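A.B. asks: need coordinates for the below:
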Amino acid sequence: MKTIIETIDHKDQRYPTVGDWYFDEHGNLVIRVSKMSDPRYEMLVAVHELVEVLQCQRDGVSQESVDQFDKAFEEKRAKGELKDENAEPGDEPDAPYHEQHCLATSVERLLAYSLGVNWSQYADEVEAFP
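C.D. replies: Numbers count the residues shown, from 1 in each chain. The predicted structure is shown next:
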C-alpha cells in the first residue's frame, strides 16, 4: 500500500471539505487537501486526515460510513439546516468517527502550536471554504 498526500484545488474535492481521505482502486490511501494560503495549514489538514484514518482503521470505522455521514452532513449545510454553519461533521456526537476525529483535532492543535500557527487564523481560513 502507498500513502499519497496531495494538495489540490478546492473545487476538485469529492465533496465540500478541505481534507479528505479514501482508499483508491489499488488499495492506496489517498489524502487530498485543498490548496491554502500557508503550506503549514495544508500539512496540518493532512496530518489530521492521517491520524483520523489510522484511528478509523484501528476501530473498524469504514470509509463508506465516514463518506456517507459527511455527504449527508454537507447536504444539511447546503439546505441551511445546521445550527452552526461552520460546524465540522466529525464534531457531531453521532458521527461514526467522532472519537477518531477528536483525537485527530488534538494532534492537529499540538502540531499547530509547535509550528507557530495561530489556531484562530488557521480555523478562519478553513471555515472560509465553501
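A.B. asks: helix or strand: which one has the residue with the largest distance to the centre of the chain?
C.D. replies: Distance from the centre of the chain peaks at His26, with 21.8 Å (CA atoms, centre = their mean). Using DSSP states H and E, no element contains His26; it sits outside every helix and strand.
A.B. asks: quick one: pLDDT of the spatially closest residue to it that is not a sequence neighbour?
C.D. replies: Distance criterion CB to CB, 6 or more residues apart in numbering; nearest residue to His26, sequence neighbours excluded, is Lys2 at 7.8 Å. Just so you know, the C-beta spots here come from the backbone N, C-alpha and C atoms, and that holds for glycine as well. You'll see Lys2 listed with a pLDDT of 96.
A.B. asks: against Gly80, how distant is the most centrally placed residue in the chain?
C.D. replies: Taking CA atoms, centre = their mean, the centroid of the chain lies closest to Gly19, which sits 3.8 Å from it. Distance of Gly19 to Gly80, given as CB to CB, to the nearest Å: 23 Å.
A.B. asks: now do the strands in the chain.
C.D. replies: In the chain, the strands defined using DSSP state E lie at 3-8, 19-23, 29-34.
A.B. asks: make TSV out of the ones you listed and add distance to Tyr97.
C.D. replies: As requested, the strands of the chain are exported to TSV (distance: least, CB to CB, whole Å):
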stretch	distance to Tyr97
strand 3-8	18
strand 19-23	10
strand 29-34	15
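A.B. asks: which one of those strands lies closest to Ala87?
C.D. replies: strand 19-23 (15.1 Å; CB to CB).
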